[in-house]
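In: generate coordinates for the sequence data below:
(one chain, ligands or ions: 1)
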Amino acid sequence: MFKPVRKAIFPVGGLGTRFLPATKSMPKEMLPVVDKPLIQYAVEEAKAAGIEQFIFVTGRGKSAIEDHFDISYELQQTLTERQRQHELQMINSMLPEPGQVAYIRQQEPLGLGHAVWCARNLVGDEPVAILLADDLVLAEQPCLKQMVDAHVYTGGNMVAVMDVPREQTRRYGVLDVLRDDGKLAAVRGLVEKPMPEKAPSTLSIIGRYILLPEVFDYLGAAEHGAGNEIQLTDAMAKMIGRHPFHGLRFEGKRFDCGDKIGFFEAQVAFALARPDLAKDVKAILRAYAG
Ligand code: G1P
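Out: All right, here's what the predicted structure looks like:
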């Protein structure tokens, strides 16, 4: 029996330069898709997968995220006075239990691998999920829940994967595949952001991981990889052969919300998935497409 996945890391220290000026004084993870910040989607997805402890790796200028998951007395008071039960219930239901959330600072932006390594003492000796809030997945069954369910059988390390057009491999961590049953791919190698002609496949990692605590030992070596950053992919690659390593083709659609077009598409898809908005949004889209 494998240890259950109870903890999740949310690396939220990134600068969000691709969304300037919106992100000049606001964390990119607070950008909303329809009416909910990206980070809240990620936290809800983790909760739905059974995660009990939430570890945010933050940086300077990210305190809005901490406030978002805290009590807001003034707002609650005002909503109570105005008898806005629906809104009150909404903001109360998103509050974590006391002690469920921890914040730790990544002092310098040295890469995703470094951000994850900053959380090592809070994770300890158990598997951990990692969710990148930029990667938003619209799915009937939340993406991380699909992974946790599969992980019960595979154990080891697991990443969520999807096929991308070959010319885009340089944006992703890419799998070298040993075996593939169409859903689970056994991994024999990983390359971070390969050029299309060098990519071992087009099966690419999206920002959902379940990793064994051994990853922290490899991250601790602090070797710099692609883009001169400490890469999570490089540390994961070192675990291949020592522990099972799988890519799960999740069911659902992933949006790259770190990119303007991906972010825009997410707005459309999530609005169309909302019964209270779909009709009006469709009418607007039709009018513009006309
Ligand atoms: C990171 C990872 C990469 C992964 C991607 C998914 O890259 O390093 O392996 O494929 O997230 O979004 P980033 O997008 O932070 O450059």
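
In: so what's the closest residue to the ligand within the stretch 51-200 of the chain scoring on pLDDT?
Out: Using CB to the nearest ligand atom, G173 is the residue of the stretch 51-200 of the chain that sits closest to the ligand, at 2.6 Å. (Each C-beta comes from the backbone N, C-alpha and C, glycine too.) Here the pLDDT value assigned to G173 is 96.

In: quick check, it in contact with G189.
Out: No. Counting by CB atoms under 8 Å, G173 sits too far from G189 to count as a contact (10.8 Å).

In: more neighbours, those two?
Out: A count of neighbours by other CB atoms under 10 Å puts G173 above the other of G173 and G189, at 26 against 15.

In: OK, contacts around the more buried one?
Out: Neighbouring residues of G173 by CB atoms under 8 Å, 6 or more residues apart in numbering: V159, L190, V191, E192, K193, S204, I205, Q231, L232, T233, M236.

In: for it, what are phi and psi?
Out: Backbone torsions for G173, taken as degrees, to the nearest 10, come to phi -80, psi 130.

In: gap between stretch 62-70 and the chain center?
Out: 17 Å (CA atoms, centre = their mean, to the nearest Å).

In: same check on stretch 37-46?
Out: The answer for stretch 37-46 is 8 Å, by CA atoms, centre = their mean.

In: next, see if it gets close to the ligand.
Out: No. Shown here: stretch 37-46 not in contact with the ligand (CB under 6 Å from any ligand atom), separated by at least 12.3 Å.

In: next, the buried residues of that stretch.
Out: For stretch 37-46, burial by neighbour count (16 or more other CB atoms under 10 Å) applies to P37, L38, I39, Q40, Y41, A42, V43, E45, A46.

In: just the buried ones among the contacts of G173, please.
Out: Buried by 16+ other CB under 10 Å: V159, L190, V191, E192, K193, S204, I205, Q231, L232, T233, M236, out of these.

In: among the residues you listed, which are in reach of the ligand?
Out: Near the ligand, by the rule CB under 6 Å from any ligand atom, you find E192, S204, I205, Q231, L232, T233 out of those.

In: got these as CSV, with secondary structure and distance to D181 columns?
Out: Output for these, formatted as CSV (DSSP: H, G, I helix; E, B strand; the rest coil; distance: CB to CB, whole Å):
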residue, secondary structure, distance to D181
E192, strand, 25
S204, strand, 18
I205, strand, 18
Q231, coil, 28
L232, helix, 25
T233, helix, 23
